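J.: can you look at this prediction? I've put the sequence above it.
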Amino acid sequence: MNITNSQTKTLEQIFGDIQRYYPNAKLKKQFLGPQVIMVPYRNFHFLLRNKNGNLKVDFTPPALWILGGILGSFALFTLIYSILFQQLMVSIGGAIPMVLGLLVAKEIFRSTHKSEFEAFQSEANVLVNTAPGNL
């Protein structure tokens, strides 16, 4: 999801506007990445990143969804390996099941909470593209 930054505000200016509407929002510097605005919303966090003059909207699902996706992918890979090698092959490691489980959990969470995502994106779009005095 992208939000156009028609007024070319900096991330700090956008954070000031968003923090008035979402008081628990935080401006954070990621470990090896650029600054992001974290907005807690219900049981998950939205992340706003400045990318090529636009804002990229991403999210972090609840920990139980992430854990469920990773454990589900490990179970699926164990089943696939066991069928292929015709003996029990437990898949407890590797990056592919973890990444796959995380991506599947995020997509399932996004599709089940689509209305919340659209509501947040429209609110954030108004906050980013409205002059500070008009909020």
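T.: Great, that's in hand.
J.: report pLDDT for the closest residue to I70 other than its chain neighbours.
T.: Excluding the flanking residues, the one nearest I70 by Cβ to Cβ, 6 or more residues apart in numbering is G101, at 4.0 Å. In short, each C-beta sits where N, CA and C put it, glycine included. At G101, the pLDDT value in this model is 84.
J.: I14: neighbouring residues, count only.
T.: Burial measure for I14: 23 neighbouring residues, criterion other Cβ atoms under 10 Å.
J.: what does the pLDDT read for it?
T.: If you check I14, the pLDDT there is 83.
J.: please, where are all the helices along this protein?
T.: Secondary structure of the chain by DSSP state H: the helices cover 11-21, 63-85, 95-112, 114-129.
J.: list the buried residues for the longest one?
T.: Neighbour counts over helix 63-85 (16 or more other Cβ atoms under 10 Å) mark W65, I66, G68, G69, I70, G72, S73, F74, F77, T78 as buried.
J.: same question, the first one
T.: Residues L11, I14, F15, D17, I18, Q19 are the ones in helix 11-21 that count as buried (16+ other Cβ under 10 Å).
J.: for the most centrally placed residue in the chain, what are its contacts?
T.: By Cα atoms, centre = their mean, the chain has its centre lying nearest to F59, at 1.7 Å. With contact taken as Cβ atoms under 8 Å, 6 or more residues apart in numbering, F59 is in contact with F44, H45, F46, L47, K106, F109, R110, F117.
J.: could you redo the last one with a cut-off of 7 Å?
T.: Shown in contact with F59 (Cβ atoms under 7 Å, 6 or more residues apart in numbering): F44, H45, F46, L47.
J.: what's the answer for N24, then?
T.: Shown in contact with N24 (Cβ under 7 Å, 6+ apart): P40.
J.: now swap in D58 and tell me
T.: Residues counted as contacts of D58 (Cβ under 7 Å, 6+ apart) are L47, R49.
J.: for N50, see how far away it is.
T.: Per Cβ to Cβ, to the nearest Å, D58 is found 12 Å from N50.
J.: would you mind putting the buried residues of helix 63-85 into TSV with distance to G94 and pLDDT alongside?
T.: TSV is the format used below for those (distance: Cβ to Cβ, whole Å; pLDDT from 0 to 100):
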residue	distance to G94	pLDDT
W65	21	82
I66	17	84
G68	18	86
G69	15	84
I70	11	84
G72	15	86
S73	10	86
F74	9	86
F77	8	86
T78	11	87
